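**Student:** With the sequence up front, the predicted model follows.
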Amino acid sequence: MSTRKQINERLTYQEARALESTKDLNDLPKAALLYEKILKTHPLHVDANNRLMVLYRKLGESTKELKTIKNAIKSYQENIEKDKREWVKQNKVKAAASAKLAEVMGLTDPKGKPIYENEILTSWKTRLTLLQTRINKNKTTKAKIAEKQIAKRKRKTPSKALPSARASHK
């Protein structure tokens, strides 16, 4: 990335943080737009991803928060895999020795995949799981409330069968 782009990105991030720190809740969507702007050109920007996730939580935008987390995880995983492939391609001998060493030390599973995961990915995956749990809990709660309201309405609505039954007894 060129120096000018880095400076602009840094300034955009600082502006977003400033908007986020004001007491005016109307500034939060503006800050979110700035973080989104950063992520369009630099999807691996950890701080912008984290701040955007927090903002969407504050704004009650669970769907957008979920999408942001999933995009961040996907971008980060793809980047890690790309870097790994490039390194292995350039360092075949070292890669083979490292793979054997990792296996002996118990750092890989039986398929040769690393057991250790990047701590940023781990925190985002935890955040994803918690958000999905909260969304599912909210859906369940809303469904139960709706069921109770329907049952309540049914109890309040007089049965149409009763008047006709009374009329037949007279």
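**Tutor:** Thanks, I have it.
**Student:** Only C-alpha atoms from now on, for both contacts and neighbour counts.
**Tutor:** Fine.
**Student:** Excluding sequence neighbours, find me the nearest residue to Thr68.
**Tutor:** Met53 (6.5 Å; CA to CA, 6 or more residues apart in numbering).
**Student:** How many neighbouring residues does the one you found have?
**Tutor:** Other residues near Met53 number 25, with proximity taken as other CA atoms under 10 Å.
**Student:** Repeat that for the one 10 residues further on.
**Tutor:** Neighbouring residues of Thr63 were enumerated by other CA under 10 Å; the total is 13.
**Student:** Work out the gap between the host helix or strand of it and the centre of the chain.
**Tutor:** Per DSSP states H and E, Thr63 falls inside helix 62-90. Relative to its chain's centre, helix 62-90 lies at 13 Å (CA atoms, centre = their mean, to the nearest Å).
**Student:** I'd like to know which elements the next helix-or-strand element following that helix is packed against.
**Tutor:** For helix 62-90, the following helix or strand on the C-terminal side (DSSP H and E) is helix 92-104. On a contact count with 3 or more CA pairs under 8 Å, 6 or more residues apart in numbering; DSSP states H and E, helix 92-104 meets helix 62-90.
**Student:** and the angle from the helix it packs on to helix 92-104?
**Tutor:** 120 degrees (axes from the mean of the first three to the mean of the last three CA atoms, to 10 degrees).
**Student:** Helix 62-90 - contacts with which helices or strands?
**Tutor:** helix 46-59, helix 92-104, helix 119-156.
**Student:** and those helices, which is most packed in?
**Tutor:** Neighbour counts (mean count of other CA atoms under 10 Å) averaged over each of these peak at helix 46-59, with a mean of 18.
**Student:** I am finished for the moment; much appreciated.
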